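1. this is a predicted model, with the sequence first.
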Amino acid sequence: PAPSDDPLYTGEKTTVQKPLRKVPERKMVEPPIHTPPQRVPPKKSRKVRYLVMTVSAAMICLVVGLIVGVSLGNRAGSKDNGTDVVMESPSPSDSKGKAGTSSAKNETSDAEKKTDVVTQAEDFWSCLEEVDSDEMNDAQAEELKEQMEKLECVKKENQTAPEDAYVAYKDSKFEIVPETEGNTMDFNGAYQALSEAITDKKRTIDLNSCPAVYVKAAVMKDDPDLKNSLEECQNLIRTKIVYIFGEETVTLEGDEIRNWLIFDERGRLQKNEDELRQCVAEYVAKLAATHDTVNTEREFCTTSGRTVQVYSSVYGWKIDQEKEIETIMQEMIAGVQINREPVYAMRANARGMNDIGNTYIEVDLSAQHLYYYQDGSIILESDIVSGDMQYAERQTPPGIFQLYYKKSPSVLKGKMLENGKYEYERPVTYWMPFNGGIGFHDASWQPYFGGNRFREGGGSHGCINLPADKAAELYNRIDESVPIVCFY
């Protein structure tokens, strides 16, 4: 029987006899050579193999508990995941000495925060030497899996998941925060590593060095997509767009753009292009609300000295918001620094609320008179006849307009009747439409122009009738850029 002070003593007989000799204090004694028992006749081999398999399965439980339990525990609490976690099978002569120094070794480990653990399992390795196969049989493999499933360290509540690397904003700059390793076991990977160690009869196994044992973070700090995301973020805060509105400027730059980005409670950037686009859209909408003049009223000083309010839905400054949003998105991705105007859908002749400028055509519908200003000076004026005030649908609408096109000669047509004919057909020499079917043209049928003819039943269907010579002169001067201001 083994001595009672041997830590490996189980109370059972063993085929390995421990030599009783004094070991020098500083010299390790080689373990005795283990001699496998003689093979028994075939008729008795099942009992022997069954005994070996049973003992092996029991030792699998011991080793799995020691290896995996220690390894996972150290991984979870260790700040340095490169620390070795080993299991050794020391020689019998060294067992007592190591058992006696266990407490001191643990104190040293706690002080130095090391995680090396030495486990004595001489009997396990001895039993494995009895197995004359390079692979575990099915029963042993199943036993290994069952024992692994019982380990506390395998339970989800005892595991910490790894965390992906991410982009964060710190100290006025974007940077990549590296991934963190957890201690979540990949069961299949751990099983494979342990089963290979057992079948290879290894006396040392470091699970931390086995890449398949633990679940890894999905995104590492050197991930190409993460680096691209970092570059995009850096470009965002480098972006500077100076909008030019005449003498006024408005600047969009990194500090404001950074406020559009979303971060979680840990400072991780939550990349969401839809949210970013929505912030850009709101910014552009504010620009438009401040600087667009389409669909607004503006004061207009008439030739007669009156000041009138004139509204227009078709003339003025109007930012093309969809195109401007897309332009900003592209410039932010590239980190552009630029001075420019917004992308416009409509442009006026001047800046500010009085965006009509000094070149325009003034149509005073109350005075039935037309003035053509060029650079602030009158170059053409004429009496007119506008829409008949006795019919609401024929009255010339006020507003600010621009010429569509001009044509000479042309035929003016009314609405089509049920019989397929037009309400009227009037040939004219000069035709200049600017508001739907309303435009300037000569009107040889009018006996005179100006005065109250438009109020007394002699008005047009909405057009501005001119004498032939004035219509010709206007036709030769007007172009699509000239605002046409109609008011009462």
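-> Okay, I see it. Numbering: from 1, shown residues only.
2. surely Val310 is in a strand?
-> Yes: under DSSP: H, G, I helix; E, B strand; the rest coil, Val310 sits within a strand.
3. what strand or helix carries the nearest residue to it once chain neighbours are set aside?
-> Leaving aside its sequence neighbours, Val310 sits nearest to Phe300 (Cβ to Cβ, 6 or more residues apart in numbering; 4.7 Å). C-beta coordinates here come from the backbone N, C-alpha and C atoms, glycine included. Element membership for Phe300 (DSSP states H and E) is strand 296-301.
4. let's test this: mean pLDDT of that strand, rounded?
-> Averaged over strand 296-301, pLDDT sits at 94.
5. show me what that strand is packed up against.
-> strand 307-312 (3 or more Cβ pairs under 8 Å, 6 or more residues apart in numbering; DSSP states H and E).
6. following the strand it packs on, which helix or strand shows up next?
-> strand 318-319.
7. now do whichever helix or strand comes after that following strand: everything it contacts.
-> Next along the chain after strand 318-319, taking DSSP H and E as the criterion, comes helix 321-334. Helix 321-334 is contacted by residues 232, 235-236, 239, 241, 252, 257, 276-277, 280-281, 283-285, 287-288, 338, 342-343, 345 when judged by Cβ atoms under 8 Å, 6 or more residues apart in numbering.
8. and the helices in this structure, which stretches?
-> Assigned by DSSP state H, the helices in the chain fall at 45-77, 95-100, 102-112, 122-128, 138-150, 187-199, 224-238, 254-258, 273-291, 321-334, 468-477.
9. what about Ser382, how many residues nearby?
-> 20 (other Cβ atoms under 10 Å).
10. show me the contacts for it.
-> His369, Leu370, Phe449, Leu466, Pro467, Lys470, Leu474.
11. hmm, the fourth one is touching Phe440, no?
-> By that I understand Leu466. Yes: contact criterion Cβ atoms under 8 Å: Leu466 and Phe440 qualify, at 6.0 Å.
12. any common contacting residues for the two?
-> Residues touching both Leu466 and Phe440 by Cβ under 8 Å, 6+ apart: Leu474.
13. ok, these two, which is more surrounded?
-> Phe440 (28 against 25).
14. what about the nearest residue to the more buried one once chain neighbours are set aside, distance to Ala281?
-> Leaving aside its sequence neighbours, Phe440 sits nearest to Met432 (Cβ to Cβ, 6+ apart; 4.2 Å). Separation of Met432 from Ala281 (Cβ to Cβ, to the nearest Å) stands at 39 Å.
15. settle it for me: which of the two has more neighbours?
-> Using other Cβ under 10 Å, the more surrounded residue of Met432 and Ala281 is Met432, with 23 against 16.
16. so the more buried one touches Ser408, yeah?
-> No: Met432 lies out of contact with Ser408 (Cβ under 8 Å); the separation is 9.2 Å.
17. which residues are in contact with the residue nearest to Lys271 when sequence neighbours are not counted?
-> Leaving aside its sequence neighbours, Lys271 sits nearest to Ser229 (Cβ to Cβ, 6+ apart; 6.3 Å). By Cβ under 8 Å, 6+ apart, the residues touching Ser229 are Val167, Leu269, Lys271.
18. could you find the closest non-adjacent residue to Arg266?
-> Ala168 (7.6 Å).
19. that neighbour: neighbour count?
-> Neighbours around Ala168, by other Cβ under 10 Å: 18.
20. my guess is it contacts Asp264, does it?
-> No: the pair Ala168 / Asp264 is not scored as a contact, 9.4 Å apart, by Cβ under 8 Å.
21. what touches both of the two?
-> What both Ala168 and Asp264 touch, as defined by Cβ under 8 Å, 6+ apart, is an empty set.
22. anything in contact with each of Met432 and Ser408?
-> Counting by Cβ under 8 Å, 6+ apart, the residues touching both Met432 and Ser408 are Tyr475.
23. now do Ala165 against Ala212, distance only.
-> Separation of Ala165 from Ala212 (Cβ to Cβ): 21 Å.
24. brain fart, Glu473
-> In this view, Glu473 and Ala212 are 91 Å apart by Cβ to Cβ.
25. who has more neighbours, these two?
-> Taking neighbours as other Cβ under 10 Å, Glu473 and Ala212 compare with Glu473 leading, 17 against 13.
26. now do the contacts for the residue nearest to the more buried one when sequence neighbours are not counted.
-> Using Cβ to Cβ, 6+ apart and skipping residues adjacent in sequence, the residue nearest Glu473 is Leu380, 5.8 Å away. Counting by Cβ under 8 Å, 6+ apart, Leu380 makes contact with Leu370, Tyr371, Tyr372, Lys470, Glu473, Leu474, Arg477.
27. pLDDT score for the second one?
-> Note for Tyr371: predicted pLDDT of 98.
28. thinking it is in contact with Ile378, fair?
-> Yes: assessed by Cβ under 8 Å, Tyr371 is found in contact with Ile378 at 5.5 Å.
29. between these two, what contacts are shared?
-> Taking Cβ under 8 Å, 6+ apart as the contact rule, Tyr371 and Ile378 both touch Thr303.
30. which of those two has more neighbours?
-> Neighbour count, other Cβ under 10 Å: between Tyr371 and Ile378, Tyr371 has more, with 19 against 11.
31. can you pull the contacts of that one?
-> By Cβ under 8 Å, 6+ apart, the contact set of Tyr371 is Thr303, Ile361, Glu362, Asp364, Ile378, Leu380, Glu381.
32. now swap in Lys173 and tell me
-> With Cβ under 8 Å, 6+ apart, Lys173 has these contacts: Gln234.
33. what bridges to it?
-> Lys173 has these beta-bridge partners by DSSP bridges: Lys170.
34. that one and Tyr371, how far apart?
-> Counting by Cβ to Cβ, the gap from Lys173 to Tyr371 is 61 Å.
35. next: Ile325.
-> For Ile325, the distance to Tyr371 equals 41 Å [Cβ to Cβ].
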